[in-house]
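Undergrad: Here is my input; please provide its structure:
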Amino acid sequence: MAADGYRMNGLEAEAKAPLPYTAEVRAKTDHIYPRVSKFIPEIEWRLHAPYIAAINDLKKQKNAVILAHNYMTPEIYYGVGDFAGDSLQLAKEAAKTDAKVIVQAGVHFMAETSKILCPDKTVLIPDLRAGCSLASSISGADVRLLKQKYPGAPVVTYVNTTADVKAETDICCTSSNAVEIVEYAAQEWGTDTVILIPDQYLARNVAAMTDVKIVTWAGACEVHERFTAEDIREIRAGNPGVIVLAHPECPPEVIAEADFTGSTSGMSNYVKDKQPTNVVLITECSMSDNVALENPKVNFVRPCNLCPHMKRITLPGILRSLETMTHEVIIDPEIIARARLPIERMIALPLKRQSMYDRQHAPEVMAVEARA
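TA: Have a look, this model is predicted:
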């Protein structure tokens, strides 16, 4: 599979100057290995374990925590992650911690969100190349032009965006609460039109579940955009009775084929609560591994779309980041103040946190694609 190939590429990089697997390393990591042994063979674990031991020691020395996104590989997710979850969950946990240093095992916009919510902490991203096709699809200048084109329409921005975009936003949303946030914004701002950016598929899927007119932006996640309705039909044909869980960043025709649509946390909770016999998560590869390790009685079918940006975060990179305190995320204080407000507005709302499909579809999809 592609995931294994990518992991082996990472191991080849580590093998150029590997840390030794010693008795001390074994003593420090033996309690972790049983959790990941299903997906990491022992010979591979011997390459990961020295980095895990060194990182966990260094975290204590530097009063640091590591935020591990759901798309991290198991050796990072279970080996060194102090908090695990989706991007907003991680940032909220970071805001609560007494640690002085936060290492973001995720992509750059996530590190920015952590810095926005924790401006007094040092936030590090191990690899500056860990970007995001969705976040890079729109800029703050684009949002300003959209607001000029649709005066009076509130801007609801997905948390998967950069700080300068959030700074131009009225309120943020996640993939799990987007419908509620859109309807709240329309009511609060007294309008029937809401700008929902930047993911065109999330916006179209939301538009199918509300009477609010949605102005969309032509951004997309390169991982979820690659899934097709035909993929889902082929999975069902080859795995009779399989339950299909899809992320709302997938195209609407994929969502129409799914049994459940929800955020990464929503899908994880579905598996935990429902314990389906066979399930497939229509999202990034590593998440299936991580959820499977928590649900050993569930059989996971694994279509594999990798996020190349997430996979830039490796154990050697995390160790180097802590050793050298790079790369620190720096954001203008004025941008932080403006970007923090829409996030806090979202967090303050008493949302029901319902899944995307906990309500009936609206009879008509009212979405308008816009370009500033």
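Undergrad: I'd guess residue 287 is in a helix, am I close?
TA: Yes - under DSSP: H, G, I helix; E, B strand; the rest coil, residue 287 falls within a helix.
Undergrad: Hmm, residue 70 and it touching each other?
TA: Yes - with contact defined as CB atoms under 8 Å, residue 287 counts as touching residue 70 (4.9 Å). For glycine as for every other residue, the C-beta is placed from the backbone atoms N, C-alpha and C.
Undergrad: joint contacts of those two?
TA: By CB atoms under 8 Å, 6 or more residues apart in numbering, residue 287 and residue 70 have these common neighbours: 264, 268.
Undergrad: which residue sits closest to residue 317, ignoring its sequence neighbours?
TA: residue 126 (3.9 Å; CB to CB, 6 or more residues apart in numbering).
Undergrad: same question, residue 62
TA: residue 101 (5.4 Å).
Undergrad: Enumerate every residue touching the residue nearest to residue 317.
TA: Taking CB under 8 Å, 6+ apart, one finds 103, 104, 105, 312, 313, 314, 317, 318, 320, 321, 327 in contact with residue 126.
Undergrad: Next step: these restricted to strands.
TA: Among these, the ones falling in strands (DSSP state E) are 103, 104, 105.
Undergrad: OK, contacts around residue 198?
TA: Applying CB under 8 Å, 6+ apart to residue 198 gives the contacts 134, 135, 137, 138, 157, 158, 160, 161, 165, 217, 219.
Undergrad: Name the nearest residue to it, ignoring sequence neighbours.
TA: Using CB to CB, 6+ apart, the nearest residue to residue 198 is residue 219, at 3.4 Å.
Undergrad: Then residue 302?
TA: Counting by CB to CB, 6+ apart, the residue nearest residue 302 is residue 288, at 5.2 Å.
Undergrad: and the chain, what are its domains?
TA: Using automatic domain parsing, the domains assigned to the chain come out as 2-132+309-324, 143-218+334-370, 224-301.
Undergrad: what does the average pLDDT come to for the shortest one?
TA: Put plainly, it is domain 224-301. Mean pLDDT, domain 224-301: 95.
Undergrad: can you check stretch 197-212 too?
TA: 96.
Undergrad: Ok, stretch 73-85 next?
TA: In this model, stretch 73-85 has a mean pLDDT of 96.
Undergrad: What of stretch 173-183?
TA: 93.
Undergrad: now swap in stretch 35-42 and tell me
TA: On average, the pLDDT along stretch 35-42 is 94.
Undergrad: circling back to that earlier point, would you mind confirming that the residue nearest to residue 198 is in contact with residue 138?
TA: Yes - in terms of CB under 8 Å, residue 219 counts as a neighbour of residue 138; the distance is 5.7 Å.
Undergrad: which residues are common contacts for those two?
TA: Both residue 219 and residue 138 are in contact with 197, 198, where contact means CB under 8 Å, 6+ apart.
Undergrad: Which residues are in contact with residue 85?
TA: 69, 70, 93, 264, 265.
Undergrad: State the distance from the residue lying closest to the first one once chain neighbours are set aside to residue 292.
TA: The shortest distance from residue 69 to any residue other than its chain neighbours is 3.8 Å, reached at residue 106 (CB to CB, 6+ apart). As defined by CB to CB, to the nearest Å, residue 106 lies at a distance of 20 Å from residue 292.
Undergrad: same deal with residue 269?
TA: 15 Å.
Undergrad: swap in residue 172?
TA: 30 Å.
Undergrad: Counting neighbours, go ahead and name the busier of those two.
TA: residue 172 (27 against 19; other CB atoms under 10 Å).
Undergrad: any idea which helix or strand carries the more buried one?
TA: Per DSSP states H and E, residue 172 falls inside strand 171-173.
Undergrad: Run through the neighbouring helices and strands of that strand.
TA: If contacts are counted by 3 or more CB pairs under 8 Å, 6 or more residues apart in numbering; DSSP states H and E, strand 171-173 sits against strand 155-158, helix 178-189, helix 333-348.
Undergrad: Of these, which is nearest residue 305?
TA: strand 155-158 (19.2 Å; CB to CB).
Undergrad: Counting neighbours, which of the contacts of residue 198 comes out on top?
TA: residue 161 (30 neighbours).
Undergrad: Next up, phi/psi of that one, please.
TA: Main-chain torsions, residue 161, degrees, to the nearest 10: phi -140, psi 170.
Undergrad: how many other residues sit next to the closest residue to residue 45 other than its chain neighbours?
TA: In space, residue 45 comes closest to residue 33 once its chain neighbours are excluded; the distance is 5.6 Å by CB to CB, 6+ apart. Residue 33: 19 surrounding residues under other CB under 10 Å.
Undergrad: give the contact list for residue 33.
TA: 40, 42, 45, 49.
Undergrad: Distance check, it against residue 79.
TA: Distance from residue 33 to residue 79, by CB to CB: 9 Å.
Undergrad: Quick check: the gap between residue 94 and residue 20.
TA: 32 Å.
Undergrad: Neighbour count: those two, which is higher?
TA: residue 94 (24 against 8).
Undergrad: got the CA coordinates for the longest helix seen in the chain in PDB?
TA: As assigned by DSSP state H, the longest helix anywhere in the chain is helix 42-62. Extracted as PDB, the C-alpha positions of helix 42-62 are listed here (Å, rounded to 0.1, in the frame of the first residue of the first chain):
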ATOM      1  CA  GLU A  42       9.200  -5.200  15.600                       C
ATOM      2  CA  ILE A  43      12.100  -4.600  13.200                       C
ATOM      3  CA  GLU A  44      10.500  -1.200  12.300                       C
ATOM      4  CA  TRP A  45       9.800  -0.400  15.900                       C
ATOM      5  CA  ARG A  46      13.500  -0.700  16.700                       C
ATOM      6  CA  LEU A  47      14.100   2.200  14.400                       C
ATOM      7  CA  HIS A  48      11.300   4.300  15.900                       C
ATOM      8  CA  ALA A  49      11.800   3.600  19.600                       C
ATOM      9  CA  PRO A  50      15.100   5.500  20.100                       C
ATOM     10  CA  TYR A  51      13.500   8.700  18.700                       C
ATOM     11  CA  ILE A  52      10.400   8.200  20.800                       C
ATOM     12  CA  ALA A  53      12.500   7.800  24.000                       C
ATOM     13  CA  ALA A  54      14.600  10.800  23.200                       C
ATOM     14  CA  ILE A  55      11.600  13.000  22.300                       C
ATOM     15  CA  ASN A  56       9.700  12.000  25.500                       C
ATOM     16  CA  ASP A  57      12.800  12.800  27.600                       C
ATOM     17  CA  LEU A  58      13.300  16.100  25.900                       C
ATOM     18  CA  LYS A  59       9.700  17.100  26.400                       C
ATOM     19  CA  LYS A  60      10.100  16.800  30.200                       C
ATOM     20  CA  GLN A  61      13.300  18.900  30.100                       C
ATOM     21  CA  LYS A  62      11.800  21.700  28.000                       C
END
